[in-house]
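>>> sequence and predicted structure are below.
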2 protein chains.
Amino acid sequence: MPRNGTYHCPVEASVAVIGGKWKTLLLWKLRDGPLRFSGLQECLPMVTPRMLSKALRELGEDGIVARTAYPEIPPRVEYALTPLGEALIPVLDAMSAWGIKYMLDAGLRPPDCCGGNAPEEEIS
Amino acid sequence: MPRNGTYHCPVEASVAVIGGKWKTLLLWKLRDGPLRFSGLQECLPMVTPRMLSKALRELGEDGIVARTAYPEIPPRVEYALTPLGEALIPVLDAMSAWGIKYMLDAGLRPPDCCGGNAPEEEIS
DNA sequence: CTGCATCCATGTTGATACTG
DNA sequence: CAGTATCAACATGGATGCAG
């Protein structure tokens, strides 16, 4: 996605930024807190390091995720949602909710995401 | 997008169905009522008839849009959201809202969609 | 008018291997 | 650990022509 140019419609801008095959899923995994590169790889084994790196770089350029590198041995890098990225959470939740409905309608069992980071209420 | 296979996560299912470069935008245009093929072309001049046809066919296969052909001369075909498609409206609205925020943060003027079908309150 | 078929250019993704 | 390099495969886009 170009992620630049003029958008004729807000939806077009959203698609340009979070479109692509993996970005939405990636953001969903970051929804509940920062993750390391290797943590994302475990969560999303179907995404190659190349595409993961590319997606993270582009989301960083668009101000959606923040990259924090800790100068340690071995290296550690954490990715987290920025405030602008957190503003996407309603979108992600709506997509998750619809996905559950879709899978139910299709007679499929809606699985929890890896690790179970479905949107859940605070339990006092 | 394959739109089949096993999804490990509801978000994955949503991306598979409404992912791609144009589907979300197309659904956004159908949000406020049925449109004809030519109407969609006017709304989305950047989408070639080939890709528009492909997107509509796939959305039809997934039960998101319904195709109604009127046996007239000249032919008339209308596309509308199915109930499952209407269930996507919260997703579309959330994306639109976020797109507006994103464009404001970027210093761009958030445009109304072609024809002005932004989600608006009923004005009595 | 509403599309589908074909060819071809370009862009995006995947697989594997490799580096700081 | 956190990526990058290279090449191959696939998806997407444009142009044109054609059919119901």
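Cool, the structure landed.
>>> domains of chain A?
A:1-82, A:88-124 (automatic domain parsing).
>>> need the ones you listed in TSV (columns: mean pLDDT).
TSV is the format used below for the domains of chain A (pLDDT from 0 to 100):
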stretch	mean pLDDT
domain A:1-82	92
domain A:88-124	76
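>>> out of the ones you listed, nearest to DNA strand C?
domain A:1-82 (4.0 Å; CB to the nearest atom of the strand). Bear in mind the C-beta positions are built from the backbone N, C-alpha and C, glycine included.
>>> that older thread, now the domains of chain A as JSON lines including mean neighbour count and distance to residue B:77?
Below are the domains of chain A laid out as JSON lines (neighbours: other CB atoms under 10 Å in any protein chain shown; distance: least, CB to CB, whole Å):
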{"stretch": "domain A:1-82", "mean neighbour count": "17", "distance to residue B:77": "23"}
{"stretch": "domain A:88-124", "mean neighbour count": "16", "distance to residue B:77": "25"}
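>>> dump those domains to a markdown table, plus distance to residue B:35.
Converted to a markdown table, the domains of chain A look like this (distance: least, CB to CB, whole Å):
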| stretch | distance to residue B:35 |
| --- | --- |
| domain A:1-82 | 15 |
| domain A:88-124 | 21 |
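>>> so which of those domains comes closest to residue B:12?
domain A:1-82 (5.9 Å; CB to CB).
>>> close to chain B, is that closest one?
Yes: Domain A:1-82 comes into contact with chain B (CB under 8 Å from any CB of the partner chain), by way of A:1, A:6-15, A:17, A:19, A:21, A:24-25, A:28, A:63.
>>> how far away is the nearest residue to residue A:105 once chain neighbours are set aside from residue B:59?
Nearest non-adjacent residue to residue A:105, counting by CB to CB, 6 or more residues apart in numbering or on different chains: residue B:84, 6.2 Å away. The gap separating residue B:84 from residue B:59 is 10 Å, by CB to CB, to the nearest Å.
>>> cool, residue A:25 as well?
20 Å.
>>> do residue A:111 as well
For residue A:111, the distance to residue B:59 - CB to CB - is 24 Å.
>>> so which residues of chain A form helices?
Remark: helices assigned in chain A by DSSP state H are A:10-18, A:23-30, A:37-43, A:49-61, A:83-86, A:89-105.
>>> so which of the ones you listed gets nearest residue B:33?
helix A:10-18 (16.5 Å).
>>> packing partners for the closest one?
For helix A:10-18, the elements it packs on are helix A:23-30, helix B:23-30, helix B:89-105, judged by 3 or more CB pairs under 8 Å, 6 or more residues apart in numbering or on different chains; DSSP states H and E.
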